[in-house]
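Visitor: Predicted model and sequence below, questions to follow.
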Amino acid sequence: MGNCGHTDPLIRLEGVTFRRGDKIIFNNVSLSIPRGKITAIMGPSGTGKTTLLQLIGGALRPESGHVYYDGLCVDELSERQLYVLREKMGMLFQHSALFTNLSVYDNVAFPIREHTQLPEFFIRYLVLMKLEAVGLRGAKDLFPSELSGGMARRVALARAMALDPELIMYDEPFTGQDPISMGVLVQLVKKFNDALNMTSIIVSHDVPETVSIADYIYIFSNGVIVGEGTPEALANNQNPHVLQFLKGLADGAVPFHYPASHYEQDLFQGKEEGVMH
C-alpha cells in the first residue's frame, strides 16, 4: 500500500480486535492520530493503553483489523521493514528504561549509533544538543543510578528524540513524578511537539496534566472507546465512564467492588465450613 498524502492522519486503526488469552483488550476499535498534534489515550488501569502503543510499533499484531502508519499496513510488515519504520518513532517508556551500565551521554547516543553510521564527533554534537534541550547537558557523565526520577525521565526523553522522529509515544510519562518534575515534563512535551512539528501520543491516567496539553483525547473502557474529543468537548461529555474517569470518582460505571457472590452468603458459607476468611 502506498503512502498517504500528508493531509491524512499519520496513524489509523481500522476495526482492530486484540485479546490476551480469553480477555478481549480491544474490540473492533477504529481511531486516527493526526499529524503534528498531541493525542492522548486515556482510561483506567488495565484497559490496554500500553498495548495500543505496541500495536502501533508492530511489537504486537491484531487478531483482526489493521494498523496503518503513514499509509503502510504495520501488521503486514516484515521484521526488516519494521526496523526501518521504527527509526521514525521515539518511545518514552513508563519507567524510563535507561541502560544502567551506560552513562547519560551513552544512553542518548545509543539509538544514533544503532541506526546511523555518523562519525563520533557528529554524534557528540547531537547528544549534547538533545541533553541541552532537556536541561541535563551538565549530567552527561552521570549514570542512571545517580539520577532522580525526574532527571531519568528527561534523559529518556532526550534519547527518544535522538533521531528526530516524526512520532514520539509517551507511556505514562508523568507517573511517579513530584510536582516540579511533572511540570517540567508537561512543558517539554508541549514545547518539543510544537517546535519540531512532531506527532505525539500520550498514554496516561494523569488527567489534569494530560488534558492541559492534549489536542484530542480518546478514553477507553472495557475494550472500546467510550469517549473522544477535544478536552473542552470531553468536559461536557455525560457518558458515565467518561465522567467517572475525568472526575476521579471511586465508584460508578467502573465499580469499586470486584464481582463476587453476595456478602452475607460468603460469610455464612465460611461459618458452615468452620473457616474464617
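Guide: Arrived safely, thanks for sending.
Visitor: where along the stretch 151-277 of the chain do the strands fall?
Guide: Counting by DSSP state E, counting those that start in this stretch, the stretch 151-277 of the chain forms strands over residues 167-171, 199-204, 216-221, 224-229, given from the N-terminal end onward.
Visitor: Quick one: closest of those to residue 177.
Guide: Nearest to residue 177, of all the strands of the stretch 151-277 of the chain, is strand 199-204, at 11.4 Å by CB to CB. The way it works is simple: take the backbone N, C-alpha and C, and place the C-beta from them, glycine included.
Visitor: quick one: average pLDDT of that closest one?
Guide: The predicted model gives strand 199-204 an average pLDDT of 94.
Visitor: Ok, stretch 181-196 next?
Guide: Per-residue pLDDT values across stretch 181-196 average out to 89.
Visitor: residues in contact with it?
Guide: Surrounding stretch 181-196, the residues in contact under the criterion CB atoms under 8 Å, 6 or more residues apart in numbering are 36-38, 133-135, 148-150, 153-154, 157, 161, 164, 168, 170, 173-174, 177, 198-200, 202, 206, 209, 212-213.
Visitor: Can you give me the separation between residue 41 and residue 100?
Guide: When CB to CB, to the nearest Å is applied, the distance between residue 41 and residue 100 equals 29 Å.
Visitor: distance between the ends of stretch 220-231?
Guide: 15 Å (CA to CA, to the nearest Å).
Visitor: Report the buried residues of that stretch.
Guide: The neighbour-count check on stretch 220-231 (16 or more other CB atoms under 10 Å) flags 220-221, 223, 225-228, 231 as buried.
Visitor: Which two of the residues you listed have the greatest separation?
Guide: Taking CB to CB as the measure, the buried residues of stretch 220-231 span a maximum distance of 23.6 Å, between 223 and 231.
Visitor: Quick check on residue 25: phi, psi?
Guide: Residue 25 adopts backbone torsions of phi -90, psi -50, taken as degrees, to the nearest 10.
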